[in-house]
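Asker: Make a model of this:
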Amino acid sequence: MEIKRYDLGKHFARVTEYNGVLYFTGHIAAGKQPTMTEQMVALTHRLDELLAQFGSDKNHILYAKINIHDWSMFDEFNAVWDKWFDPGCLPARTTAQTTLTDGHLVEITLTAAKIDNN
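Answerer: Below is the predicted model:
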């Protein structure tokens with residue numbers, strides 16, 4: 001089975017696909033939204049677009065690696081995260097506190113299944 005690499009840059013591919021599974025690099029919200037809620041709304045919108053571009057959606061996410069800049073924002077993060085998914089579709093995830101720069105409060109890395117449209 002072929003490994004496909006999309007948006008290949010100098011140091012990494014933005015997305016790698018193998019056997020119907022998509023592996024995405026980490027993503028942050030575009031812009032400098034001041035709150036976790038605003039960054040999460042912007043980021044989930046971007047992730048919806050990205051997943052659709054590669055033949056998946058939020059309810060086919062298998063795993064998420066989440067980096068939060070400040071652990072005191074964990075509940076604010078979860079409020080947006082939980083509303084983003086349809087009932088019963090939350091993926092496995094790992095959440096860690098990480099130093100993020102330039103005002104970014106959250107970074108999300110996804111693994112998702114492609115949707116079989118057959």
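Asker: make it CA atoms for all contacts and neighbour counts henceforth
Answerer: OK.
Asker: I'd like to know how far the closest residue to residue 71 other than its chain neighbours sits from residue 73.
Answerer: Counting by CA to CA, 6 or more residues apart in numbering, residue 97 is the residue found nearest to residue 71 once chain neighbours are left out, at 6.0 Å. Taking CA to CA, to the nearest Å as the measure, residue 97 falls 10 Å from residue 73.
Asker: One more: residue 27?
Answerer: Per CA to CA, residue 27 is found 18 Å from residue 73.
Asker: and the longest helix belonging to the chain, how far out from the chain's middle?
Answerer: When the chain is parsed with DSSP state H, its longest helix is helix 36-53. With CA atoms, centre = their mean, to the nearest Å as the basis, helix 36-53 stands 8 Å off its chain's centre.
Asker: buried residues in it?
Answerer: Going by neighbour count (16 or more other CA atoms under 10 Å), the buried part of helix 36-53 is 36, 37, 39, 40, 41, 42, 43, 44, 46, 47, 50, 51.
Asker: Which elements pack onto it?
Answerer: strand 21-28, helix 74-84, strand 106-113 (3 or more CA pairs under 8 Å, 6 or more residues apart in numbering; DSSP states H and E).
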